[in-house]
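Below are the sequence and a predicted model; questions follow.
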Amino acid sequence: MTDDYGRSVSYLRLSVTDRCNLRCFYCRNKEGLQFIPHHKILRYEEMLRLIAAVDSMGVSKVRLTGGEPFVRRDFIEFLEQAAERFPQTDFRVTTNGTYLTTHAERLQRMGMRYVNVSLDTLDPQRYAEITGRDMFSRVWDGIHACLEAGLRVKLNAVALRSFTADELEGFIAFALEHPVDVRFIEFMPIGASTSWEEQQYWSAEELVAAAKNITPLEPVKAQDRNKGPARMYNLVRGRGRLGVISPLSDHFCAQCNRLRVTPDGRLRTCLFSDKEYRLRPHLRHPKLGIEHLRRVLVAANAHKPLGYELLQAKKDNAVCQRGMSAIGG
Ligand SMILES: Nc1nc2c(ncn2[C@@H]2O[C@H](COP(=O)(O)OP(=O)(O)OP(=O)(O)O)[C@@H](O)[C@H]2O)c(=O)[nH]1
Ligand SMILES: C[S@@+](CC[C@H](N)C(=O)[O-])C[C@H]1O[C@@H](n2cnc3c(N)ncnc32)[C@H](O)[C@@H]1O
Ligand code: SF4
Ligand code: SF4
C-alpha cells in the first residue's frame, strides 16, 4: 500500500474503544463525554477480519489502543486470539497502565514484547490532577509487573511547559536504573474542544536541552529508529533511553508508515485529518469479501495527506475535530 507521496504502510493503529477510566485533561474534550454507541463499535471478529485484510498488504505491526483498551470487555482474550491467529504480526499495546498488574504475565505469554505506558508524572498528587483519578500506584505497580515479566516498556509522557521540567530528573533517574524508553510527546492540538494552548506547549528541542543539563545524551542513529516517530538518545551511563516525539516542531510526515482505525471502524489515513473512510459497512456486510476491503484500503490510502500541512493551515485551535481518545493517539 503506497500513497501518492510514495510512503508505504507497515503499521496499523487500531483503537478498540473510546472509553477510558481516566480523564487526562490534554486528551478528553472539555465539553462532556459523549461515547460512541455500542452498536457502532467494531466487534472483535470484525477487527480480526481487518487484521486479516492488512496482513498480506505489508502491515507487520498492529498496535491496539483506545481510549483505554483494557476497559473493553474481553480485550485480553481478543489479543490472545489475534496473536495466535497472526503469529507473524508484531502486536503491541498502548495503555494507561492501570490494568497491567493483572495482565502483564499474560501479555508476555502470548508473545508480546513491548508495552507502551502513558505516564506524565512521578508524583501521585500531580497524577491525580492530570488524570482526574488517584491511580498512580496502580500504574507504577503495573510498570514494574511488566518489567518483572520480561516485557520491554516504553513510557509516554506529554511534554507540558508548566510541569514537565520538574519531572525530567525523576524520569531520567528511572531510565538510568531500568531498561526502559522514556519518550516525551509534544502536546498536540487535537479534538473540537481541545485544551491545547500555546503556553502549555514545550518543544522537543527545549526538552532535550534541559535533559542534557541533567545527564549526557548520545543520539541513536536515525536508521535504528525502525521508522517510528520517536527520536531516541542513549543515556551514556544508564540502562534505558530517552526520546522525543515532535509532531509540531520537527514533523516526521515524510516517513509516515501508519494507518489508524477508530473504534467505530473508520479509517483515518492521518492522525490530523478528519477525512475518514467508513470500513464498518464493508466489514459487517455478509457478502463483501476481504478482497473488496483491501481495494477500499488501497484507494483511501492513496490520498493520505501530509499532516503538517493541515497543522500549518489550521484555522481553529484544533487541527481536527475528533478527540484523541476516540482516535487512539
Ligand atoms: N502526529 C503524529 N503523532 C504520532 C504518530 N504516531 C504516534 N504518534 C504519537 O506518539 C505518541 C506515542 O505513540 P505510541 O502509541 O506510543 O506509538 P508509537 O510512537 O508508534 O510507538 P512505537 O511503535 O513503540 O515506536 C502518541 O501520542 C501518538 O499520538 C504519527 O504518525 N503522527
Ligand atoms: C489517546 S491515548 C490511548 C491509549 C491509552 N489510554 C494511553 O493513555 O496510553 C494514546 C496516547 O496519546 C497521548 N495523547 C493524548 N492526547 C494527547 C495530546 N493532546 N497531545 C499529545 N499526546 C496526546 C497519550 O499521552 C497517550 O500516550
Ligand atoms: S490519554 Fe489515554 S488514559 Fe488519558 S484520557 Fe486519553 S485515552 Fe484515557
Ligand atoms: S501527522 Fe499525519 S502524516 Fe504526519 S506523521 Fe502523523 S499521521 Fe503521519
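Great, that's in hand. Ligands and ions are numbered 1, 2, ... in the order given.

quick one: the residue in the stretch 1-150 of the chain that ligand 4 sits nearest to from C270, how far?
Taking C-beta to the nearest ligand atom, ligand 4 has its nearest neighbour within the stretch 1-150 of the chain at R7, 8.1 Å off. In short, each C-beta sits where N, CA and C put it, glycine included. Distance of R7 to C270, given as C-beta to C-beta, to the nearest Å: 11 Å.

Show me which of the two is the more surrounded one.
A direct count of neighbours by other C-beta atoms under 10 Å for R7 and C270 places C270 higher, at 23 against 18.

and that one, what does it touch?
Counting by C-beta atoms under 8 Å, 6 or more residues apart in numbering, C270 makes contact with C253, C256, K304, P305, L306, G307, L310.

Surely the third one is in contact with R7?
Yes: the pair K304 and R7 passes the contact test of C-beta atoms under 8 Å, sitting 7.0 Å apart.

Overlap of the contact sets of these two?
What both K304 and R7 touch, as defined by C-beta under 8 Å, 6+ apart, is the set C256.

Let me see the backbone angles for the closest residue to the residue of the stretch 1-150 of the chain closest to ligand 4 other than its chain neighbours.
Nearest residue to R7 in three dimensions, chain neighbours excluded: C256, at 5.6 Å (C-beta to C-beta, 6 or more residues apart in numbering). Backbone torsions of C256, given as degrees, to the nearest 10, read phi -60, psi 130.

before we move on, what about A52?
Torsion angles, degrees, to the nearest 10, at A52: phi -60, psi -40.

Check the spacing between it and P87 real quick.
13 Å.

Which stretches in this structure count as helices?
44-55, 75-85, 100-109, 124-131, 136-149, 164-177, 204-212, 280-284, 290-302, 307-313 (DSSP state H).

doesn't P263 make contact with G66?
Yes: counting by C-beta under 8 Å, G66 does reach P263; the two are 7.5 Å apart.

any shared contact partners between the two?
Common neighbours of G66 and P263 (C-beta under 8 Å, 6+ apart) are S15, V16, T17, D18, G328.
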